[in-house]
Structures are given as C-alpha cells and as structure tokens.
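Q: Prediction below, plus the sequence it came from.
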Amino acid sequence: FLEKVGWAQEAKNDLLSVQSSQATLEKNNKSISKKEMRRLRAEISANASRQLKPLRDRINELEQKIITAEDRIEQYNREMISLASSADGLRMGQLAKELQETKQYIEKWFVQLEEVTADHDLKARAYEKEMNRLEDGGSSADVT
C-alpha cells in the first residue's frame, strides 16, 4: 500500500513539474527552441523511466514467479501420478497440500500482476500524452 501511494505521488509530482514547464511556455506564447524542446523531452523521458522501471521490474519478477510455480505444479502432478500405484498415502497428502498452496500463490501473483500492469500502462499512457502534447506544441511553434 505504501509503495503504491509513494509511486502515485511521485508520478503526480513529476507530471506536474513537466506540465508546469509546458504551461509556462504555452502561457507566455513563446516559441520553443530546439534546445528547450530536447530538454523537455529528456525531462519527460527521465521521469517516465524513473516511474516505469520499478513497475517493469516487478512485472518481470511476478511473471518469473508464476512460471516457476507452474513448473512446480507440473512436477507435483507427475509425482502424484507415479505415487498413485504405491501405498504412500502420506506423501500423496503432502503433495496435494503443496499443490493447493502453489495454486493459491499463482492466483495471488496473477492478481498482483494485473494491478502492476494496469498501473504501468496508466503511467506509460500519461507520459506518452505528455510527450505528444510537447511534440504537438513544439511543431506548431517556430523552432529556432
């Protein structure tokens, strides 16, 4: 919870900073120089990277956990099939329990993956819109 609030606030502050820079330029109705345009693009890009990289890292981490857990489920299923003909009911019970726990972890990780992916996509679209506004504003202005 704290991480999400922190990320959201940091992204909001970064976007507000870029928006205020752009608003000042638009308000003064000044043309944007190539140098200023590059600076603003770099600022947006740096803010986007700072906000999106931890989300991409978390997405990759969750995907890897899910893949590993799904492999573990296949292993449990193979072992349960091989134990079906034996009289090792204790091990069969342990495997069933581990199988159920692993499925629960996978479900939890999928929920987290959906949330993080949605957060990433939302922030990525916001930065893309900012970049497009900058490009549109810069292309209509006299570039010196």
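A: Cool, the structure landed.
Q: Please count neighbours and contacts with C-alpha atoms only from this point.
A: Will do.
Q: Compute the number of surrounding residues for residue 53.
A: For residue 53, the count of nearby residues is 12 (other C-alpha atoms under 10 Å).
Q: do you know how far it is from residue 116?
A: 12 Å (C-alpha to C-alpha, to the nearest Å).
Q: Residue 104 too?
A: According to C-alpha to C-alpha, residue 104 and residue 116 sit 18 Å apart.
Q: How about residue 103?
A: From residue 103 over to residue 116 (counting by C-alpha to C-alpha), the distance is 20 Å.
Q: likewise residue 89?
A: Distance of residue 89 to residue 116, given as C-alpha to C-alpha: 40 Å.
Q: cool, and residue 135?
A: 28 Å.
Q: what's the answer for residue 86, then?
A: Going from residue 86 to residue 116 by C-alpha to C-alpha gives 44 Å.
Q: what's the answer for residue 122, then?
A: Per C-alpha to C-alpha, residue 122 is found 10 Å from residue 116.
Q: So if I had to pick from the two, which one is more boxed in?
A: Taking neighbours as other C-alpha under 10 Å, residue 122 and residue 116 compare with residue 116 leading, 19 against 12.
Q: tell me the contacts of that one?
A: 55, 58-59 (C-alpha atoms under 8 Å, 6 or more residues apart in numbering).
Q: Could you count how many residues lie near residue 98?
A: Residue crowding around residue 98 was assessed by other C-alpha under 10 Å; the count is 15.
Q: And it, how close does it get to residue 73?
A: Using C-alpha to C-alpha, we find residue 98 at a distance of 9 Å from residue 73.
Q: try residue 63
A: Going from residue 63 to residue 73 by C-alpha to C-alpha gives 15 Å.
Q: More neighbours: those two, which one.
A: With neighbours defined as other C-alpha under 10 Å, residue 63 and residue 73 compare such that residue 73 has more, 19 against 16.
Q: With adjacent residues omitted, what lies nearest to that one?
A: Of all residues not flanking residue 73 in the chain, residue 99 sits nearest, at 6.0 Å (C-alpha to C-alpha, 6 or more residues apart in numbering).
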